[in-house]
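Undergrad: For reference, the sequence and a predicted model appear below.
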Amino acid sequence: GAVVSQHPSWVICKSGTSVKIECRSLDFQATTMFWYRQFPKQSLMLMATSNEGSKATYEQGVEKDKFLINHASLTLSTLTVTSAHPEDSSFYICSASLTSGADTQYFGPGTRLTVL
Amino acid sequence: AQSVTQPDIHITVSEGASLELRCNYSYGATPYLFWYVQSPGQGLQLLLKYFSGDTLVQGIKGFEAEFKRSQSSFNLRKPSVHWSDAAEYFCAVGAPLGDKIIFGKGTRLHILP
């Protein structure tokens, strides 16, 4: 149980286009979902926290207008990278939590974004 | 503020040897502590976690970790590593009443045949 999926697993896009990444909790309802970014050979950096039906809370330094997060249901959150540039190329990982606490986060397999 | 330090960027051990990966944390009280493993190009898999109680925690794949409050440490151990254990290992800390998990920079484990 507690499986989280991401789609797509990898995507290549042209500079200036927008890309949407989906994160789904397959067998549970997620109170909270998190989006992380991971640069090559680096750790995970939390980008934002989202709760179903409310606006996401972004970490300091993360551009909310560039990284649009929508948490429309208890099983789906989306991250849209708007007007993507090569520096946005990264590995994006989502996690989902059964509660609002840190103890029950389940991670998706990640999405590799390459912006040409 | 919470923080996590993994002092070793790379660790190399021979297959069958024992392993210890170090993790130190900074937090005002007893945090939630986690160890995750990540294979190349993959997401994170939870190995084990500590919330309270017995300070020696057993996890999956034969891993264990010991919480030492006096040293603010949560080191990961395995008595005998397998070639399939080669991966990136992340220690993480979360506040019991919070929702964020803060990750260390990771330790890359290499296994010699």
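TA: The structure has been received and is ready for your questions.
Undergrad: low-confidence ranges in chain A?
TA: A:1, A:100-104 (pLDDT under 70).
Undergrad: Around the one residue in chain B that gets nearest to chain A, count how many other residues there are.
TA: Of all residues in chain B, residue B:94 sits closest to chain A, at 2.8 Å by Cβ to the nearest Cβ. In short, each C-beta sits where N, CA and C put it, glycine included. By the criterion of other Cβ atoms under 10 Å in any protein chain shown, residue B:94 has 22 neighbours.
Undergrad: Isn't it up against residue B:51?
TA: No. Using Cβ atoms under 8 Å, residue B:94 is not in contact with residue B:51; the gap is 9.4 Å.
Undergrad: Please identify the residues of chain A in proximity to chain B?
TA: With the criterion set to Cβ under 8 Å from any Cβ of the partner chain, chain A comes near chain B through A:4, A:6, A:32, A:34, A:41-46, A:49, A:91, A:93, A:95, A:97, A:100-103, A:105-110, A:112.
Undergrad: Narrow the residues you listed to just the buried residues.
TA: A:4, A:6, A:32, A:34, A:43-46, A:49, A:91, A:93, A:95, A:97, A:101-102, A:105-110 (16 or more other Cβ atoms under 10 Å in any protein chain shown).
Undergrad: I'd like to know which of those are part of strands.
TA: Residues of these located in strands (DSSP state E): A:4, A:6, A:32, A:34, A:44-46, A:49, A:91, A:93, A:95, A:97, A:105-107.
Undergrad: surely residue A:33 meets residue A:50?
TA: Yes. Between residue A:33 and residue A:50 there is a contact at 5.2 Å, judged by Cβ under 8 Å.
Undergrad: more neighbours, these two?
TA: Taking neighbours as other Cβ under 10 Å, residue A:33 and residue A:50 compare with residue A:33 leading, 29 against 25.
Undergrad: what residues are up against that one?
TA: Residues in contact with residue A:33, defined by Cβ atoms under 8 Å, 6 or more residues apart in numbering or on different chains, are A:23, A:25, A:49, A:50, A:51, A:71, A:77, A:94, A:95, A:96, A:97.
Undergrad: let's see it at 6 Å
TA: A:50, A:71, A:77, A:96 (Cβ atoms under 6 Å, 6 or more residues apart in numbering or on different chains).
Undergrad: could I get the residues you listed as JSON lines with distance to residue B:23?
TA: Formatted as JSON lines, these follow (distance: Cβ to Cβ, whole Å):
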{"residue": "A:50", "distance to residue B:23": "28"}
{"residue": "A:71", "distance to residue B:23": "31"}
{"residue": "A:77", "distance to residue B:23": "29"}
{"residue": "A:96", "distance to residue B:23": "24"}
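Undergrad: in stretch B:19-27, what's buried?
TA: Buried-residue list, stretch B:19-27, by 16+ other Cβ under 10 Å: B:19, B:21, B:22, B:23, B:24, B:25, B:27.
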